[in-house]
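Colleague: I would like the atomic coordinates for the input below:
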Amino acid sequence: METIAPFKEIITEIKAHGGDAFKRCFQCGLCDSVCPWNRVTTFSMRKLVREATFGLTDIESEEMWRCTTCGRCPQVCPRDVKQIESGVALRRIATEYGVFPHSVRPIKTIAGSLVGSGNPLNEERSKRADWARGLSVEPFSKEMEILYFPGCYPSYDPRMKRVAAATAKILNAAGVHFGILGDKEVCCGESIRKTGDEEVFQRLAKENIKAFIDAGVKRILVSSPHCYHTFKNEYPEFMVRFEVVHITQYLQELIDSGRLTLNGEFAKKVTWHDPCYLGRHNGIYDEPRNVLQAVPGLELMEMPENRVASLCCGGGGGRIWMETVKGERFCDLRIDQAVGVGAEVLVTACPYCITNFEDSRVTMGLDDKIEVKEISEVISELL
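Modeller: Sure, this is the predicted structure:
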């Protein structure tokens, strides 16, 4: 039996969470024309909007969980329907009902891990700083110029730990006086919020904010665009504001100021992938390209879909924790595009993108055709 939330509850919930713009939709279908899902299967954001307008949303359907919050449809919407905010409002209803379709059920486990361990990977909180052993990384103190907040994946995931290590190497080489919070740091909460779990998001946000204030943090360096977006655009909801800088911005700052000198060459053909939450959501396009163009010997080439039109990897909106069947993975299409332009290395700066691309190049049998690197890994090779 379909579980359809009552009309009044659907409308009330959408309005309460900034999603009342649903009613402005006049069904032009531009959202569907740019949605990456329609590159791999059939999906209609327009249909979801129409159903929600009349309070007919089926909260047992997997459709409302497909959105990766990539930001493509708001770009082209002529009526400012705010599909992301409204979609998250619908997910909140499902979360409150405790209704999770089969592919979404891991979210319940993730939420428990975030509450219990402060990370989505169910790793021990006491080991959050283990990646920094032997790398001359100190606990943060208020005398330091910047806090490095690596985030969950660079703290625990074996592949992504290399990114945190590369970043520390760069900071030390540039003479940056920095530190980390270690086990006082928890997940930024961005992705769990997009799945509709506002309670867990607020719990994580408040814990991080307290840690920042207690430590005297003023400037925060992050590896993840999702952390960047949340600290910069969502934590101010709690009446606090910190200066936040993404690693791509900071690398350009260090190079331009002369604090970071690159030696040798990286003589490879490289293409840059714009992560959704770095590019479309926050407008950071030039900095990573400027950094890569400063690398001796590096040949930078663009994929067909770049900058504002960049193809989503599929990991946003909590999708990184959900099952996406083979044949429906955007990251496979992106790897094909990178290989198609003749790139030897696909470079980006998002833990979700790297995780998905690494999986794709192996499952597609292209691991000997193209490498996947985070931008800090490229720069650290030249120090």
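Colleague: hey, let's count contacts and neighbours off CA atoms from now on
Modeller: OK.
Colleague: Around residue 116, count how many other residues there are.
Modeller: A count of nearby residues for residue 116, using other CA atoms under 10 Å, gives 14.
Colleague: In three-state terms, label it for me.
Modeller: What DSSP: H, G, I helix; E, B strand; the rest coil gives for residue 116 is helix.
Colleague: How confident is the prediction for residue 18, by pLDDT?
Modeller: pLDDT, residue 18: 53.
Colleague: could you measure the nearest residue to residue 282 once chain neighbours are set aside against residue 251, distance?
Modeller: The spatial neighbour of residue 282 that comes closest, neighbours along the chain excluded (CA to CA, 6 or more residues apart in numbering), is residue 229 at 7.1 Å. Distance, residue 229 to residue 251, by CA to CA, to the nearest Å: 18 Å.
Colleague: ok, the two, which is more surrounded?
Modeller: residue 251 (26 against 19).
Colleague: any idea of the pLDDT on the more buried one?
Modeller: Confidence score, pLDDT, at residue 251: 98.
Colleague: Kindly report the same for residue 98.
Modeller: 87.
Colleague: That one and residue 255, how far apart?
Modeller: If you go by CA to CA, the gap between residue 98 and residue 255 works out to 49 Å.
Colleague: Settle it for me: which of those two has more neighbours?
Modeller: residue 255 (16 against 13).
Colleague: Is it correct that that one falls within a helix?
Modeller: Yes: in this structure, residue 255 lies within a helix as judged by three-state DSSP.
Colleague: tell me which element the spatially most central residue of the chain falls in.
Modeller: The structure's the chain has its C-alpha centroid closest to residue 226; by CA atoms, centre = their mean the separation is 3.8 Å. Assigned by DSSP states H and E, residue 226 belongs to helix 225-229.
Colleague: next helix or strand past that helix?
Modeller: strand 243-246.
Colleague: contact partners of that following strand?
Modeller: The contact list for strand 243-246 (CA atoms under 8 Å, 6 or more residues apart in numbering) reads 218, 219, 220, 221, 222, 223, 224, 225, 228, 231, 232.
Colleague: mind redoing it with 10 Å?
Modeller: Here strand 243-246 makes contact (CA atoms under 10 Å, 6 or more residues apart in numbering) with 146-148, 217-225, 227-233, 251, 278, 284, 287, 349.
Colleague: Separate out the buried members of the residues you listed.
Modeller: When the contacts of strand 243-246 are checked for burial by 16 or more other CA atoms under 10 Å, the buried set is 146-148, 217-225, 227-232, 251, 278, 284, 287, 349.
Colleague: Next, give phi and psi for the closest residue to residue 110 other than its chain neighbours.
Modeller: The shortest distance from residue 110 to any non-neighbouring residue, by CA to CA, 6+ apart, is to residue 120 (5.2 Å). When read as degrees, to the nearest 10, the backbone of residue 120 gives phi -90, psi 0.
Colleague: From residue 379, how far off is residue 120?
Modeller: When residue 120 is compared with residue 379 (using CA to CA), they lie 28 Å apart.
Colleague: Same check on residue 319?
Modeller: Residue 319 is 29 Å from residue 379, by CA to CA.
Colleague: Just the CA coordinates for the helix or strand where residue 249 lies, please, in CSV.
Modeller: Element membership of residue 249, judged by DSSP H and E, is helix 247-256. Only the C-alpha atoms of helix 247-256 are listed here, as CSV (Å, rounded to 0.1, in the frame of the first residue of the first chain):
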residue,chain,number,x,y,z
ILE,A,247,41.9,24.1,-0.4
THR,A,248,41.8,25.3,-4.0
GLN,A,249,41.4,28.9,-2.9
TYR,A,250,44.2,28.5,-0.3
LEU,A,251,46.6,26.9,-2.8
GLN,A,252,46.2,29.9,-5.1
GLU,A,253,46.7,32.2,-2.2
LEU,A,254,49.9,30.5,-1.2
ILE,A,255,51.3,30.4,-4.7
ASP,A,256,50.4,34.0,-5.5
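Colleague: what's that helix packed up against?
Modeller: For helix 247-256, the packing partners by 3 or more CA pairs under 10 Å, 6 or more residues apart in numbering; DSSP states H and E come out as helix 158-173, strand 219-222, helix 225-229, helix 286-293, helix 375-380.
Colleague: buried residues in that helix?
Modeller: 247, 248, 249, 250, 251, 252, 254, 255.
Colleague: So what angle separates the directions of it and helix 158-173?
Modeller: 30 degrees (axes from the mean of the first three to the mean of the last three CA atoms, to 10 degrees).
Colleague: Quick one: residues in contact with helix 247-256.
Modeller: 148, 150, 167, 170-171, 174-176, 221-225, 228, 245, 257-262, 278, 284-292, 294, 348-349, 375-376, 379.
Colleague: Helix 286-293 and that helix, what's the angle between them?
Modeller: Using the same axes, to 10 degrees, helix 247-256 lies at 50 degrees relative to helix 286-293.
Colleague: How is this structure divided into domains?
Modeller: 7-103, 106-253, 262-380 (automatic domain parsing).
Colleague: Span of the longest one from start to end?
Modeller: With CA to CA as the measure, the ends of domain 106-253 fall 39 Å from one another.
Colleague: now that domain: how far from the chain's centre is it?
Modeller: 13 Å (CA atoms, centre = their mean, to the nearest Å).
Colleague: Buried residues, stretch 321-329. List them.
Modeller: Buried-residue list, stretch 321-329, by 16+ other CA under 10 Å: 321, 322, 328, 329.
Colleague: Correction: the previous question concerned stretch 201-209.
Modeller: Here stretch 201-209 shows 201, 202, 204, 205, 207, 208, 209 as buried, counting by 16+ other CA under 10 Å.
Colleague: And for stretch 264-278?
Modeller: 266, 269, 270, 271, 272, 273, 274, 275, 276, 277, 278.
Colleague: Residue 39: which of the residues you listed is nearest?
Modeller: Within those, the smallest distance to residue 39 is 16.9 Å, found for residue 276 (CA to CA).
Colleague: ok, now which ones touch the closest one?
Modeller: 68-72, 225-226, 282-284, 307-316, 350, 353.
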